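S.K.: Please find the sequence and the predicted model below.
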Amino acid sequence: MSLWDRMRGGAAGGGVRRTASAGDSAHLMAWTRARVGVEAFVEPRTMVTETTVLLVAKDGEWTRRRVDGPSAARKLARSLGIPIYDVQLLGYPQRMRDYDARQRVLRDRDRRRELGAP
C-alpha cells in the first residue's frame, strides 16, 4: 500500500486514521471534572484524524481527544454541562494561545537553569 493510499484511507488494508476509544472519553470527562470554566471546541475530521474535541479551561490549559463525530462531541458536552463551539466558526480561544506562550517561557527558563545559564 502506498503512502497516498494510507492517507486516503486506502483501498488495500484500510487507512491509518485512528478512531475514538473509551479511554478518550474517560480522559475528557475526568479532565473536565478537575478544572474550572471548561468549554469544548469541535475540530473537523482530517485526512489522518477523526473528529476531535478540544477542551479549554478558564486558565487556558487544554486537552484534545478523538470523538465519534460532531454529534458525539455535542452529546459529551451536554453530559458534562459545558458549552460547545465549532472551531471552524469561532476559532481557537486566545486564552489557549496565552497558556501555551506561558508554558513555553517556563520550559525555556527551566532549560537555561539546567544548563547553568542565568
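M.R.: Received it, and whenever you're ready, just let me know what you need.
S.K.: Leaving out the residues flanking it, which one is nearest to residue 80?
M.R.: With C-beta to C-beta, 6 or more residues apart in numbering as the measure, residue 32 is the residue that lies nearest to residue 80, at 5.0 Å, once sequence neighbours are left out. Using the backbone N, CA and C atoms, a C-beta is placed for each residue, glycine as well.
S.K.: Please look at that neighbour and residue 54 and confirm they touch.
M.R.: No: at 11.9 Å, residue 32 does not count as touching residue 54 under the criterion of C-beta atoms under 8 Å.
S.K.: follow-up on the earlier one: the residue nearest to residue 80: neighbouring residues, count only.
M.R.: 21 (other C-beta atoms under 10 Å).
S.K.: repeat for residue 82
M.R.: Look at residue 82: counted by other C-beta under 10 Å, it has 15 neighbours.
S.K.: ok, it - contacts?
M.R.: Residue 82 makes contact with 32, 38-40, 55 under the criterion C-beta atoms under 8 Å, 6 or more residues apart in numbering.
S.K.: give me that answer again for 6 Å
M.R.: Counting by C-beta atoms under 6 Å, 6 or more residues apart in numbering, residue 82 touches 38, 40.
S.K.: Just give me the neighbour total for the residue lying closest to residue 86 once chain neighbours are set aside.
M.R.: Spatially, and ignoring its direct neighbours in sequence, residue 86 is nearest to residue 42 (5.4 Å; C-beta to C-beta, 6+ apart). By other C-beta under 10 Å, 24 other residues sit near residue 42.
S.K.: Also residue 92?
M.R.: 15.
S.K.: Look at it and give its secondary structure.
M.R.: Three-state assignment for residue 92 (DSSP: H, G, I helix; E, B strand; the rest coil): coil.
S.K.: So what pairs up with the residue nearest to it when sequence neighbours are not counted in the strands?
M.R.: What sits nearest to residue 92 in space, not counting adjacent residues and going by C-beta to C-beta, 6+ apart, is residue 41, at 7.0 Å. Residue 41 has these beta-bridge partners by DSSP bridges: residue 54, residue 85.
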